[in-house]
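>>> Okay, sequence plus prediction incoming.
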Amino acid sequence: MIIEELKIGRFAAFENKTFNFTQGINLIEGENESGKSTIAECIRFIFYGNREDDQSQTPRQGYLILSCEKGRFKVERSFAYSGGVPDMRVTITDLQINAPLKGKDPGAMFLGVSADIFERSCFFGQFGQRNVGGQALSCALENMLSTADEQINAEKSAELLEGEIVRLSGERGEEQGSIPQLEQKKALLKERYDRAVEMEADHKRTGESLQENKKKIEGNRAALEECKAQLGHSDALHRLEHIKRAKLAEDALTECRNQLTEAREECARNGFLPDGSYVKQLRSLLEKGRRYEAAIGEKKEEYALLKSEYERTPKPEGGKEGELLEKVATASATVAANKNYLIISVAAAGLLLLMTLLLFIFKVVAAAVVFLLLMLSSCGVAAFFFLRMKKAKEEEQALYASAGAGNREELAKAVEEWARLTERLSGIERQMEECARKRGKAEEERAAVLNDAGLLAERWGEKCTSVSALDSLYTAAAEVHERISSLEDAEKQANVEYAGLRTEYTTEEVKALIERVKAEGSKPPLSPEEYKKVTMKVNFYDQTSRALEERTAKQEAHLLELEGQMEDRHLLYRELTEVEEALANARERLERLKLAKQALLLAVERMRAKILPGIMEEASDFLSGASAGRYTALLTGEDFSLRVIDGKTGKERPIEELSAAMGDLCYIALRISLTSGLYGDEQAMMVFDESFTHLDDLRLASLFMTLARTAEEKGLQIFFMTCRKREAALFEKIARVNRISL
């Protein structure tokens, strides 16, 4: 996203002030209190409005024109108090159709983040006023990674949720309002209620059934012991069989692992073993290489055919067709003109001859002689025009003959044929040029593919200089990958089988099982159906016995307490209902808290696994340039502790050992790379407001060059604000900037 123009109608000390910005570096230079920070604050106001803690009633108004992937827009916002009530208005106009957009929030539409995150990701203040290095920078990285905010930590938020979860679940004891406390209270109330309801009925039947229940308990116990003996013998047999199968499965798993290790050692080269991703890349490059190879051959053949056709096509004498037609037209016009003059001369001679004869008849000799002389003159003129007409016809016929035509119509057809041949030859030449261009393009693409393939081949200790070599490399890598994958699948299957059978046992346990089986003689194990039936009997006798024991105990207790005071069962019911509602609410809240905690931790884990490597790589590239190669990489551990790699020694150094200036550079590198991940392809602007108080001239120049390169590569818009003419002059020398002086 690029802000092209900012018009401040009224904001702080500015009124009716227009600023034009460009993509890349916008250098805003001015003394203290000249309004540099006001420009950045006005941009924030247009996107997000007033700050929450801003109680000012001063009217504000301005607009900005921006361009982004969605198009080109004008965003205007105004604020004023009308009748003591704040009036905030915002308008977004699509400049491509010159129409306003309804119900749009500029911050959400163009930036997609909250105002706080926008400020903490895009605005760089004065680092000299706060500590951004050492442990503070590690904490800032952890917080920005999890919540895009330096001050909010998702994991600490999850810890707060965990505290409430522990309290509700009663893991620290049955606290007031916890689920175990409510469950206990509910159980007590339920027991009291049931006792109150059944007390009268129990009093009647307790004495009659007590003796009968005791007899049933004795019978159940005897039957239970017999069934347990049958199950114990069968369990011992099954246990021994399971231990045997587990040992076989363990041996099979060990064999699979040995085969897999041997295959990996055999196929690995340069410490690299082709995997699915490597084979997929080779296949993609092979498909492209084959396609470009085919295209090159096709264009070679097509070029040869066009060249052959060009050589076979007759070559007309280009440029003479029009001249020949003009000469033929001139000759035809000459013939027609001389023919007309001849007719006139012959007619005149005939008329004069008639007059001469009449004058001789009437014996006007003198006049007759005059007319005779005139008649002879007309005959001479006629002869002159006849000769000229004849010569023009001969020239016309010669022109027809030169074009191989017998008349004007044939000549026109010949000229049309020349024009067609000329056009045909031009078309063939254009096709040949296009064919050569496409062939060259295909050769370039093939070279690029082979270059990429060569890099991949080097990883596996191979070389690749042709498409056929790439085919062989792909085939070999695919075979290795398929072999390793097959062995891995076998190992996984063996592991699954072993996991399903794995069991812990001791030599003493095995001996005891064998002794127990021997004690029962040669009895076979129970069949599944028999085992199920005996188990059902055990469960039945056990449950029945325990139920009868509980019942007799209650009956005996009831017999002693029958005369006791009974509670109001209606009051108990109301209390029980209230506790059940509180328990349901607590369980629902517990589930929601667990889901919220899980969502937070999953989000943090995803950021660490998928986004952090790219962020650290981009930050390392920026730090290397900004430190003039002094530090080549920025690293982080599981606890987000930060380290740098010294470009001179190649050793790692904790960031706590760096100077304040290097801490600033690390902070800037992390912020810029994190912002790239936050905003994606639609980059927001970067604002540096007097941010480089710790940097010397060398570090400042390196940082400026790196910022300029970053702005150019990412299409990023940077606002650099300074009151120091030294910084402004240095930036102008290093990079092309749009300088605005206040």
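Sure, I can see it.
>>> now residue 103: how far from residue 94?
14 Å (CB to CB, to the nearest Å). Heads up, the C-betas are built off the backbone N, CA and C, glycines and all.
>>> who has more neighbours, those two?
More neighbours surround residue 94 than the other of residue 103 and residue 94, with 15 against 5 (other CB atoms under 10 Å).
>>> Settle this for me: the more buried one is touching residue 73, isn't it.
Yes. Residue 94 is in contact with residue 73 according to CB atoms under 8 Å; the separation is 5.9 Å.
>>> Between the two, which contacts overlap?
Common contact partners of residue 94 and residue 73 (CB atoms under 8 Å, 6 or more residues apart in numbering): residue 101.
>>> buried stuff in stretch 88-103?
Using 16 or more other CB atoms under 10 Å as the test for burial, stretch 88-103 gives 90, 92, 93.
>>> Isn't residue 549 up against residue 218?
No. Using CB under 8 Å as the test, residue 549 is too far from residue 218 to be in contact (11.1 Å).
>>> Compare the two (neighbour count), which wins?
More crowded of residue 549 and residue 218, by other CB under 10 Å: residue 549, with 15 against 11.
>>> In which helix or strand does the more buried one reside?
Residue 549 is part of helix 528-561 when elements are defined by DSSP states H and E.
>>> repeat for residue 391
Under the criterion DSSP H and E, the helix or strand holding residue 391 is helix 365-402.
>>> residues of that helix that come out buried?
For helix 365-402, by 16+ other CB under 10 Å, it's 368, 371-372, 374-375, 378-379, 381-382, 385-386, 388-389, 392-393, 395-396, 399-400.
>>> Which other helices and strands does it contact?
The contact analysis (3 or more CB pairs under 8 Å, 6 or more residues apart in numbering; DSSP states H and E) places helix 365-402 against helix 321-361, helix 408-459.
>>> Taking helix 408-459 as reference, get the angle to that helix.
For helix 365-402 against helix 408-459, the angle by axes from the mean of the first three to the mean of the last three CA atoms, to 10 degrees is 20 degrees.
>>> angle of helix 365-402 against helix 321-361?
160 degrees.
>>> Helix 365-402 - what's its average pLDDT?
Across helix 365-402, pLDDT averages out at 81.
>>> Outline the domain layout of this structure.
Residue ranges for the domains of the chain, per automatic domain parsing: 2-21+31-113, 127-149+611-741, 179-268+495-561.
>>> okay, how far is it across the first one, tip to tip?
This points to domain 2-21+31-113. For domain 2-21+31-113, the separation between the terminal residues is 17 Å (CA to CA, to the nearest Å).
>>> Pull the CA coordinates from whichever strand or helix holds residue 700 and hand them back as PDB.
Remark: residue 700 resides in helix 697-714, with elements defined by DSSP H and E. C-alpha atoms of helix 697-714 as PDB (Å, rounded to 0.1, in the frame of the first residue of the first chain):
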ATOM      1  CA  ASP A 697      28.000   7.500  10.800                       C
ATOM      2  CA  LEU A 698      29.100   4.100   9.500                       C
ATOM      3  CA  ARG A 699      26.200   2.100  11.000                       C
ATOM      4  CA  LEU A 700      23.800   4.900  10.000                       C
ATOM      5  CA  ALA A 701      25.000   4.700   6.400                       C
ATOM      6  CA  SER A 702      24.700   0.900   6.300                       C
ATOM      7  CA  LEU A 703      21.200   1.100   7.900                       C
ATOM      8  CA  PHE A 704      20.100   3.700   5.300                       C
ATOM      9  CA  MET A 705      21.400   1.600   2.400                       C
ATOM     10  CA  THR A 706      19.600  -1.500   3.800                       C
ATOM     11  CA  LEU A 707      16.400   0.400   4.300                       C
ATOM     12  CA  ALA A 708      16.600   1.700   0.800                       C
ATOM     13  CA  ARG A 709      17.200  -1.800  -0.600                       C
ATOM     14  CA  THR A 710      14.300  -3.200   1.500                       C
ATOM     15  CA  ALA A 711      12.000  -0.500   0.400                       C
ATOM     16  CA  GLU A 712      12.800  -1.200  -3.300                       C
ATOM     17  CA  GLU A 713      12.500  -5.000  -3.000                       C
ATOM     18  CA  LYS A 714       9.300  -5.000  -1.100                       C
END
